[in-house]
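Peer 1: take a look and give me a structure for this.
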Amino acid sequence: MLRRQAIRPTRIPLIALTPKSLLRHNLAVSSLEEMCDGAFETVIGEVDDLNKKSLQRLILCSGKVFYDLLEARREAGLENVGIIRIEQLYPFPTEKFVEKLTEYQSVEKVIWCQEEPKNMGGWNTVRNYIDRTLEIINLRDINVKYVGRQASSSTATGNANKHLAQQKEILEKVLKR
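Peer 2: Numbers count the residues shown, from 1 in each chain. Predicted coordinates:
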């Protein structure tokens, strides 16, 4: 992201919102090869070696919640749930998203998961783009479902225990649906 920002001929503001918890997270690392030769990925497909033809559910997310979902899925031993990260919400990376989605033709449910309240975060930005993309690849019959916190006037609960309970509930809903 920073590399792409630096080589652009036109300078535009860059806002990177990153949680502190990912600074030392075991899964949020890149190899030296990726740092030197890699590039910013707008859409990141499944990281585990799952049979993509047997996946029944596909979870779409962005940001930190991915690591929570990945750990919870691994802990539960689920092999019928795939996770795709959409790391650039606007402009929406339709072509890259279509590339990734075409690998998951057997999917029956598509879920957008976020830890922010429903009226915040990426849901309101991506829902129409996701629906249009599903139509492009002939998955019209699938409606994207939302799993996350209920709409709220506040970005956070203000109580760590309540936050953890809500986070646990989100993970249970998205993996058990």
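Peer 1: out of the helices and strands in this protein, which is least certain?
Peer 2: Here the helix or strand of the chain ranked lowest by mean pLDDT, DSSP states H and E is helix 2-7, holding a mean of 81.
Peer 1: following element in sequence after it, please.
Peer 2: Once helix 2-7 ends, the next helix or strand along the chain (criterion: DSSP states H and E) is helix 32-37.
Peer 1: could you dump that following helix to CSV, C-alpha only?
Peer 2: The C-alpha trace of helix 32-37 is given here as CSV (Å, rounded to 0.1, in the frame of the first residue of the first chain):
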residue,chain,number,x,y,z
LEU,A,32,11.3,-11.0,3.2
GLU,A,33,10.5,-12.2,-0.4
GLU,A,34,7.0,-10.7,-0.1
MET,A,35,8.3,-7.5,1.3
CYS,A,36,10.8,-7.1,-1.6
ASP,A,37,9.0,-8.6,-4.6
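Peer 1: before we move on, the earlier item: ok, and what's touching the least confident helix or strand of the chain?
Peer 2: Residues from elsewhere that reach helix 2-7, judged by Cβ atoms under 8 Å, 6 or more residues apart in numbering: 14, 39-40. The C-beta positions use only the backbone N, C-alpha and C, and glycine is treated the same way.
Peer 1: hmm, 6 Å instead?
Peer 2: Contacting residues not belonging to helix 2-7 are listed as 14, 40 [Cβ atoms under 6 Å, 6 or more residues apart in numbering].
Peer 1: in that helix, what's buried?
Peer 2: For helix 2-7, burial by neighbour count (16 or more other Cβ atoms under 10 Å) applies to no residue.
Peer 1: for this protein, what's the longest strand?
Peer 2: The single longest strand within the chain, with elements called by DSSP state E, is strand 109-117.
Peer 1: pLDDT of it, averaged?
Peer 2: The average pLDDT within strand 109-117 is 94.
Peer 1: buried stuff in it?
Peer 2: 110-117.
Peer 1: now the two most distant members of these.
Peer 2: Greatest spacing in the buried residues of strand 109-117, by Cβ to Cβ: V110 and P117 (20.7 Å).
Peer 1: re earlier: now the longest strand of the chain - C-alpha only, PDB.
Peer 2: Presented in PDB, the C-alpha positions along strand 109-117 are these (Å, rounded to 0.1, in the frame of the first residue of the first chain):
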ATOM      1  CA  LYS A 109     -23.900 -18.900   1.300                       C
ATOM      2  CA  VAL A 110     -21.900 -15.700   1.100                       C
ATOM      3  CA  ILE A 111     -21.500 -13.700   4.300                       C
ATOM      4  CA  TRP A 112     -19.900 -10.300   4.900                       C
ATOM      5  CA  CYS A 113     -18.400 -10.300   8.400                       C
ATOM      6  CA  GLN A 114     -17.200  -7.200  10.200                       C
ATOM      7  CA  GLU A 115     -16.600  -6.400  13.800                       C
ATOM      8  CA  GLU A 116     -17.700  -2.800  13.500                       C
ATOM      9  CA  PRO A 117     -21.400  -1.900  14.000                       C
END
